[in-house]
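J.: Give the three-dimensional model of this entry:
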Amino acid sequence: MVKSEFLELMGDVARTIGERPLDPLLAKFLNATYPVDGPWFTRLARLCAEGERDGWLMKHEAGGIRFGRAIKPGDAAGAFSVDVVRMQDVKGPHHIHTTGEIGAVMAIDGQPRFDDWPPGWYVYPPGSDHHPTVKGGAAYVLYLLPGGEIEFTGR
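T.: Numbering: from 1, shown residues only. Reported below is the predicted structural model:
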């Protein structure tokens, strides 16, 4: 039941995003459409916690980060893959967003910031790169990747 609800939510957001460009306007739109203190975002955070507890979400762990790909591109989220990580005061592996990244930051404990983003939506454009970093507490970070594309660099 939880997994099907999660898939439904991801399909909803993927349809809402549609063909919009991955830019700051998309982050602003998502934060207005699905605000961090609204029912949709609250439901998403609950489903991530239940998915972690039930063991179907974030099945892997490395370097203090729990992670997993919940949806492959072409499935419930259309052209996007959906990955979820749980991070707490940790710096993750460097990677490039070859086609961009749309993310949702959900606080679990403390006042976490993901790459200095507070809880809510962020968007990285195609070609951007970073070491994903959470400071100030624990967070779930859900991210949609167009075409499921991500390139880990080993840097």
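J.: Give me the neighbour count for residue 4.
T.: 9 (other C-beta atoms under 10 Å). Every C-beta, even on glycine, is put in place using the N, C-alpha and C of the backbone.
J.: is it true that it lies in a helix?
T.: Yes: under DSSP: H, G, I helix; E, B strand; the rest coil, residue 4 falls within a helix.
J.: Which pLDDT value belongs to it?
T.: As predicted, residue 4 sits at a pLDDT of 95.
J.: now do residue 154
T.: Residue 154 carries a pLDDT value of 84.
J.: State the distance from it to residue 95.
T.: Applying C-beta to C-beta, to the nearest Å, the value for residue 154 to residue 95 is 10 Å.
J.: Give me the more crowded residue out of those two.
T.: residue 95 (18 against 6).
J.: Now do that one against residue 150, distance only.
T.: For residue 95, the distance to residue 150 - C-beta to C-beta - is 5 Å.
J.: what do you get for residue 17?
T.: As judged by C-beta to C-beta, residue 17 and residue 150 stand 17 Å apart.
J.: So between these two, which is more surrounded?
T.: Set residue 17 next to residue 150 and count neighbours by other C-beta under 10 Å: residue 17 wins out with 21 against 16.
J.: From what I see, the more buried one and residue 145 are in contact.
T.: No: checked against C-beta atoms under 8 Å, the pair residue 17 and residue 145 is beyond contact range at 11.9 Å.
J.: Between these two, which contacts overlap?
T.: Here residue 17 and residue 145 share the contacting residues residue 80, scored by C-beta atoms under 8 Å, 6 or more residues apart in numbering.
J.: For the chain, which segments count as strands?
T.: In the chain, the strands defined using DSSP state E lie at 60-62, 65-71, 80-91, 95-97, 101-114, 120-124, 128-130, 133-146, 151-152.
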